[in-house]
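Peer 1: predicted structure and sequence below. I'll ask about it afterward.
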2 protein chains.
Amino acid sequence: MAALPQVVIVGGGFAGLYLAKGLKGAPVQVTLVDRRNHHLFQPMLYQVATAALNPSDIASPIRSILRRQRNVEVVLGDVERIDVAARCARLTDGTSVSYDYCAVAPGARHSYFGRGEWEALAPGLKSLEDALEVRRRIFLAFEHAERETDVQRRQQLLTFVVVGGGPTGVEVAGALAEIRRFALARDFRHIDPREATVVLLEAGPRILAAYPPELSHRAKTDLRRLGVEVRENTLVTMIHPNAVEAAGWRIPTNTVVWAAGNQASPLLATLGVPLDRQGRVIVEHDCSVPGHPEVLVLGDAAAFNDDKIGGLVPAVCPAAIQMGQYAARAIRASVAGQTRRPFHYWNKGELAVIGRGDAVANLPGLRFGGFFAWLIWIVLHITYLIGFRNRVLVLIQWAWSYVTYARGARLITGDIGPGSR
Amino acid sequence: MAALPQVVIVGGGFAGLYLAKGLKGAPVQVTLVDRRNHHLFQPMLYQVATAALNPSDIASPIRSILRRQRNVEVVLGDVERIDVAARCARLTDGTSVSYDYCAVAPGARHSYFGRGEWEALAPGLKSLEDALEVRRRIFLAFEHAERETDVQRRQQLLTFVVVGGGPTGVEVAGALAEIRRFALARDFRHIDPREATVVLLEAGPRILAAYPPELSHRAKTDLRRLGVEVRENTLVTMIHPNAVEAAGWRIPTNTVVWAAGNQASPLLATLGVPLDRQGRVIVEHDCSVPGHPEVLVLGDAAAFNDDKIGGLVPAVCPAAIQMGQYAARAIRASVAGQTRRPFHYWNKGELAVIGRGDAVANLPGLRFGGFFAWLIWIVLHITYLIGFRNRVLVLIQWAWSYVTYARGARLITGDIGPGSR
């Protein structure tokens, strides 16, 4: 019996996971390699950062998700290089995994636009570690403010700046405004958390730039009603430990959350093909690397020009899922000696949450905001959440938060720091 | 109007928290200082370490618990010295809090019996950070074993040693045996987690030494049925990164959990009074420091000789709760110009969990083991858990684990390490 074709998947995010699932029962042997042991439901990471959900509510061990799929093996490891000549993925621990087909879906990190030193001052939201760090900073700021006697420093501690007005930035700013108004309102003796300031900075002319202008406007109005200061056309020029400078403004703050840009994984550079400005591989119509039909690049790592939508496929979850599903069909076709049909992105619409019971929806032929948009968001996201257990628990936790305005996961772990002193 | 007497409580564990609650409505002003923002339900910490529960299931912000009690202020801070002469608690950030009455309840850390260097090799279970570190090591060991080709090193990675046969050690060993047999059984391709070895080492002649001999025997039998190797009279003499030496044995292992001894907080030494071998203050019959009736020492920090039980009050939660409640009555009496009645510990019995649906119960006049003991444990612990939300969620999560044998919180965060290579 000839050995089955080997498929190596790098990354257990949406693209990698849906590819693995799509190869169920296919005549191939799959190895999925990830640096983490868990698949992360990134769109809800901001809920961990703002203490509404627990890490395990939005993450499941990849191994468990794929437990019953006998042609898949999961490896916890860090791929440092794809050797397209030798057809193998090389890991940092010195081992390597050979492939007949390789799918590279390592996701993206934040881009600080050449100012890497800002990362320590303004963490972003990509991993669970990121979210726990942001959570720690937010709740420590309130604790330190409670003990601060200097009025100006106290106000600085109670100022939260979110950089980037995309969906993540909007969601974080809205959640911060709600923590301040509801969850913490009665907890302190010396400060009134409702006096905290939340500022959302957007470099472009409007927030939610990918949405139609009327929804951007709606989101801005709703955020302002929640008490968020929304500043558009405000490019951040400098981040200090105790202030942000942007478009001539100087905002004293100790807590900055970064939601302003993506930079694809450095792993892609090892493929030896042209990358775009964000470091993504400019892929062919079957998501493959030019000249290497056996290597596919998926998800946030791919710059896919879709002529049907007249531009790049956006770096969103549904696109990653569709690419993963497509890649499974493409590999099955190649194994069967058939030709691949090109990939096309099917835009089913976008949703962004603003606050408790409020979201904006940009669906095909339908644009609206408010409670009904939020309901759709909840239902969709719970349906997507992988693993039944998570779905039920998350629903209960949300229902509880909604009724009580409480934040269940408000734990500060790690260093409590020196405060502002 | 004269200022109200100031009460400073150091530590928001069981003793500190129940003292604060006991002072509700009393004519005093209370300041509770803790290094953490959360109260931790320590008896269930092993369930976080073994991924059955989430950190926030067993921890609540102290601030939230005491939110409605207007005479209490909560301070996140680290007390480095009690200045009994100046009557103030000095914090590491340079500030201090003056008191008329001070209750010192900082809890305990592990004792490595003079081998502090073992701590990095064999973490214990006192804080959430400890539990997450143990969880990380346990699940990483399985991941690294899956990738290890050398049979001997693989077996070493799949050997888990628990040091100390008290209730915590028994609970951790039992939970490890169950993870191995049920939660992980189908997740791997190259290893069979059921082949993992769990060793419980006890230096004394029997595990659960505080229980009657027949319950120790019952626990040992039940643990052995779960597949735990129980070794009594086995004092650990050395811990290496890849082995434990004990009573002539050498056990190759990469994962050691320490549950073998307590050392009271170094803060107690600043009181300038005699301490016992574990660093605890030898307190008077009203829990006060000799010569300082205004300073009480509570919980694990106190060596309280109770003539009614003919020995020291044990370092267990119920004792800490009772001391906290007593201290509230004592301070109320002093404020009212009345004399204090001596403290006495009321031993309501002890319970230790062995595994799924199995525990031993040592109740007054009643000693038994099995499912019914486990049911009592569950009901009692959920009743004690502070905060209604936690109770409901924990119950659901347990019910889920019980039905499916799953472990919901199996996340590895932080460094994935170099493995055994």
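Peer 2: Yep, that arrived. Computed from a predicted model, the values in this text were never measured in an experiment. Numbers count the residues shown, from 1 in each chain, chains lettered A, B, ... in the order given.

Peer 1: give the lowest-confidence helix or strand of chain A, using mean pLDDT as the measure.
Peer 2: Lowest on mean pLDDT, DSSP states H and E among the helices and strands of chain A sits helix A:388-404, with a mean of 67.

Peer 1: from B:Phe372, how far off is A:Tyr112?
Peer 2: Relative to B:Phe372, A:Tyr112 is positioned 59 Å away (CB to CB, to the nearest Å). For glycine as for every other residue, the C-beta is placed from the backbone atoms N, C-alpha and C.

Peer 1: which one of those two has more residues nearby?
Peer 2: A:Tyr112 (20 against 12; other CB atoms under 10 Å in any protein chain shown).

Peer 1: the more buried one contacts A:Trp118, doesn't it?
Peer 2: Yes: with contact defined as CB atoms under 8 Å, A:Tyr112 reaches A:Trp118; the gap is 4.7 Å.

Peer 1: between those two, which contacts overlap?
Peer 2: A:Trp258 (CB atoms under 8 Å, 6 or more residues apart in numbering or on different chains).

Peer 1: tell me the contacts of the closest residue to A:Gly291 other than its chain neighbours?
Peer 2: Counting by CB to CB, 6 or more residues apart in numbering or on different chains, A:Val273 is the residue found nearest to A:Gly291 once chain neighbours are left out, at 7.3 Å. Going by CB under 8 Å, 6+ apart, A:Val273 touches A:Val281, A:Ile282, A:Val289, A:Pro290, A:Gly291, A:His292.

Peer 1: farthest-apart pair in the residues you listed, please.
Peer 2: Using CB to CB, the pair of the contacts of A:Val273 lying farthest apart is A:Ile282 and A:His292, separated by 12.9 Å.

Peer 1: give me the domain ranges for chain A.
Peer 2: A:6-110+A:262-335, A:116-260 (automatic domain parsing).

Peer 1: what's the closest of these to B:Cys102?
Peer 2: Using CB to CB, the domains of chain A put domain A:116-260 closest to B:Cys102, at 19.0 Å.

Peer 1: quick one: terminal-to-terminal distance for that closest one?
Peer 2: Distance between the two ends of domain A:116-260: 13 Å, counting by CA to CA, to the nearest Å.

Peer 1: and for stretch A:359-370?
Peer 2: Counting by CA to CA, you get 5 Å between the two ends of stretch A:359-370.

Peer 1: buried residues in that stretch?
Peer 2: Residues A:Ala359, A:Val360, A:Ala361, A:Asn362, A:Arg367, A:Gly369 are the ones in stretch A:359-370 that count as buried (16 or more other CB atoms under 10 Å in any protein chain shown).

Peer 1: and it, what's its mean pLDDT?
Peer 2: Here stretch A:359-370 scores 92 as its mean pLDDT.

Peer 1: buried stuff in stretch A:53-69?
Peer 2: Quick answer for stretch A:53-69 (16+ other CB under 10 Å): A:53-67, A:69.

Peer 1: the helices in the stretch 51-200 of chain A, which residues?
Peer 2: A:62-65, A:128-147, A:151-157, A:167-178 (DSSP state H, counting those that start in this stretch).

Peer 1: do the shortest one and chain B meet?
Peer 2: Right, the one you point to is helix A:62-65. Yes: for helix A:62-65 and chain B, the contact criterion (CB under 8 Å from any CB of the partner chain) is met by A:Arg63, A:Ser64.

Peer 1: list the helices and strands that helix packs on?
Peer 2: strand A:38-40 (3 or more CB pairs under 8 Å, 6 or more residues apart in numbering or on different chains; DSSP states H and E).

Peer 1: any idea how far chain B is from the residue nearest to A:Gly291?
Peer 2: From A:Val273 over to chain B the distance is 28 Å, taken as CB to the nearest CB, to the nearest Å.

Peer 1: now do the phi/psi pair for that residue.
Peer 2: In terms of degrees, to the nearest 10, the main-chain angles of A:Val273 are phi -120, psi 160.

Peer 1: go on, A:Arg340?
Peer 2: The phi/psi pair for A:Arg340 (degrees, to the nearest 10) is phi -90, psi 140.

Peer 1: what number of residues lie near it?
Peer 2: So A:Arg340, with other CB under 10 Å, has 20 neighbours.

Peer 1: pick out the residue nearest the middle of chain A.
Peer 2: For chain A, the residue nearest the mean C-alpha position is A:Gln42 (4.2 Å; CA atoms, centre = their mean).

Peer 1: doesn't A:Asp130 make contact with that residue?
Peer 2: No: counting by CB under 8 Å, A:Gln42 does not reach A:Asp130; the two are 10.2 Å apart.

Peer 1: so in terms of bridging, what pairs with A:Val79?
Peer 2: Applying DSSP bridges to A:Val79 gives these bridge partners: A:Leu91.

Peer 1: what residues are up against it?
Peer 2: A:Val10, A:Val33, A:Ala89, A:Arg90, A:Leu91, A:Thr92, A:Pro106, A:Leu267 are the contacts of A:Val79 under CB under 8 Å, 6+ apart.

Peer 1: and if we set it to 6 Å?
Peer 2: For A:Val79, the contacting residues are A:Val10, A:Val33, A:Ala89, A:Leu91, by CB atoms under 6 Å, 6 or more residues apart in numbering or on different chains.

Peer 1: by neighbours, which of these wins?
Peer 2: A:Val10 (28 neighbours).

Peer 1: and it, how close does it get to A:Arg81?
Peer 2: Using CB to CB, A:Val10 is found at 11 Å from A:Arg81.

Peer 1: A:His38 now?
Peer 2: Taking CB to CB as the measure, A:His38 falls 24 Å from A:Arg81.

Peer 1: which of the two has more neighbours?
Peer 2: A count of neighbours by other CB under 10 Å puts A:His38 above the other of A:His38 and A:Arg81, at 24 against 16.

Peer 1: give me the neighbour count for the nearest residue to A:His190 once chain neighbours are set aside.
Peer 2: The shortest distance from A:His190 to any non-neighbouring residue, by CB to CB, 6+ apart, is to A:Glu146 (5.3 Å). Residue crowding around A:Glu146 was assessed by other CB under 10 Å; the count is 21.

Peer 1: kindly report the same for A:Gly114.
Peer 2: Using other CB under 10 Å, A:Gly114 is surrounded by 7 other residues.

Peer 1: next, it: phi, psi?
Peer 2: Dihedral angles (degrees, to the nearest 10) for A:Gly114: phi 80, psi 0.

Peer 1: again, but for A:Ala328
Peer 2: phi -60, psi -40.

Peer 1: could you measure from it over to chain B?
Peer 2: Taking CB to the nearest CB, one finds A:Ala328 at 20 Å from chain B.

Peer 1: close enough to count as contact, that residue and A:Leu23?
Peer 2: Yes: A:Ala328 is within contact range of A:Leu23, at 5.1 Å (criterion: CB atoms under 6 Å).

Peer 1: what bits of chain A have low per-residue confidence?
Peer 2: In the predicted model of chain A, residues A:1-2, A:386-392, A:400-408, A:415-421 satisfy pLDDT under 70.

Peer 1: which bits of it sit near chain B?
Peer 2: Residues of chain A lying near chain B by CB under 6 Å from any CB of the partner chain: A:37-38, A:54-56, A:59, A:61, A:63, A:67, A:73, A:76, A:93, A:128-129, A:143, A:186-187, A:189, A:389, A:400, A:408-413, A:421.

Peer 1: among the residues you listed, name the ones in strands.
Peer 2: Per DSSP state E, strands hold the following members of the residues of chain A next to chain B: A:His38, A:Ala59, A:Pro61, A:Glu73, A:Leu76.

Peer 1: farthest pair within the residues you listed?
Peer 2: Greatest spatial distance in these: A:Ala59 and A:Glu73, 20.4 Å, computed using CB to CB.
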